[in-house]
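> Sequence and computational prediction follow.
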Amino acid sequence: MMRELIDELFASALANPLLDVSADAVALPVTADEELVVTTDGFTVQPIEFPGGNIGSLAVHGTVNDLAVSGAVPRFMTLSVILEEGFEIAVLRRIVDALAESARACGVAVVAGDTKVVGRGDCDGIYICMTGIGFRARGVQLALDRVRVGDRLLLSGSVGDHGAAVMLARQNFGMRGNLVSDAASVLPQAHALMSVTGLRFMRDPTRGGLATVCHEIARAKGLTVQLSEADIPVDTAVQSVCELLGFDPLYLACEGRVVAVVAPEMAEEALNALRKVAPGAALIGELRGGSAQVVLDTAFGGQRMIDELEEDPLPRIC
């Protein structure tokens with residue numbers, strides 16, 4: 001439904017050659033050697049503080065990651081904050097400190113911003129919007145239209161950690177645990193993959209998780225994404241939470257992982273390069289001819305269809 005809304009309303013009204021609603025960031029030519037890459041995102045996560053981060057660090061990492069998987073080096077950001085009247089200053093300070101620390105760690109500078117306060121009850125505490133600006137060398141091509149039959153899928157680490165951590169932090173299920181969000185910069189992972197020829201495409205599996213990224217790939221080229229359940233890393237605690245509550249970790253958000261598509265002859269080299277910065281990385285599947293679908297080879301020797309997500313089981317995840 002969100003995709004239809006974007007395609008039929010926003011993209012239709014704003015139509016121009018530079019707008020690509022299927023991409024995480026758009027490249028704008030600025031010099032003979034470099035392209036300027038821009039992305040923007042909004043963050044409404046609930047709760048605003050969770051194990052492993054808060055809305056401030058998440059906003060930086062989410063914006064940086066969209067640039068990183070587009071092959072760019074993030075440099076600058078703008079920040080827009082919407083606050084609810086009466087929001088606790090001590091909490092705001094923790095959020096701003098985490099945002100600033102994350103920006104410094106990622107090597108980006110917040111160069112402009114805006115703050116608005118709305119009435120009590122008109123906003124759920126705090127919302128953050130960020131725009132990220134980075135640069136990449138001309139000629140870098142990472143796009144869905146470059147994937148081919150036979151290409152392999154790589155995943156940089158376990159899936160569902162962020163979704164499960166936020167879910168437990170909401171305390172809606174009477175459960176406790178030591179799960180920590182995977183929210184972090186994926187710049188090291190993206191740089192490792194960029195060093196390998198044969199890289200076709202990268203995406204960070206946020207809302208909708210790994211399953212949604214796989215459907216985007218399948219739909220873009222009319223191919224079957226064949227996944228191997230035995231090869232997909234899932235943390236034991238995440239798997240346990242999902243089994244207890246009826247969730248599928250393939251649909252849970254990640255905020256510090258990369259899904260990459262690489263040429264088959266370069267798959268092992270790409271995996272080895274990625275494991276130097278992400279030891280939990282794995283080859284998890286391949287692209288096959290046929291219809292646009294996602295199929296999982298189960299650990300028990302069978303197969304099941306991975307349906308496209310119709311309703312987000314965990315809204316306000318990022």
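Nice, thanks for sending it over. For clarity, every value in this text was computed on a predicted model and none was experimentally measured.
> From residue 19, how far off is residue 234?
Look at residue 234 and residue 19: by CB to CB, to the nearest Å, they are 36 Å apart. Heads up, the C-betas are built off the backbone N, CA and C, glycines and all.
> So between the two, which is more surrounded?
residue 234 (19 against 11; other CB atoms under 10 Å).
> mind checking the SS state of the more buried one?
coil (DSSP: H, G, I helix; E, B strand; the rest coil).
> Same check on the one 3 residues further on?
Following three-state DSSP, the label given to residue 237 is helix.
> I figured it hits residue 164, correct?
Yes: when contacts are counted by CB atoms under 8 Å, residue 237 is listed as touching residue 164 (7.4 Å).
> Give me the common contacts of these two.
Listed as contacting both residue 237 and residue 164 by CB atoms under 8 Å, 6 or more residues apart in numbering are residue 179.
> between those two, which one's more packed in?
Between residue 237 and residue 164, counted using other CB under 10 Å, the more crowded position is residue 164 (30 against 18).
> nearest residue to that one other than its sequence neighbours?
residue 238 (4.6 Å; CB to CB, 6 or more residues apart in numbering).
> Please report the distance of the one you found from residue 181.
Residue 238 sits 11 Å away from residue 181, going by CB to CB.
> shared neighbours of these two, anything?
Common neighbours of residue 238 and residue 181 (criterion: CB under 8 Å, 6+ apart): residue 161.
> Kindly check the end-to-end length of stretch 189-209 for me.
18 Å (CA to CA, to the nearest Å).
> cool, stretch 259-277 as well?
In stretch 259-277, first residue to last residue: 14 Å (CA to CA).
> Would you mark the buried spots in that stretch?
By neighbour count on 16 or more other CB atoms under 10 Å, the buried set for stretch 259-277 is 259-263, 266-267, 270-271, 273-274, 277.
> taking the residues you listed one by one, which sit in helices?
267, 270-271, 273-274 (DSSP state H).
> Looking at these, which is nearest residue 42?
The shortest gap between residue 42 and any of those belongs to residue 274, at 29.3 Å (CB to CB).
> Show the contacting residues for the closest one.
Contacts of residue 274 by CB under 8 Å, 6+ apart are 154, 156, 189, 192-193, 258, 260, 281.
> Helices of the stretch 201-318 of the chain, residue ranges please.
Assigned by DSSP state H, counting those that start in this stretch, the helices in the stretch 201-318 of the chain fall at 209-221, 236-245, 267-275.
> Now the longest one: buried residues?
It stands for helix 209-221. For helix 209-221, by 16+ other CB under 10 Å, it's 209-221.
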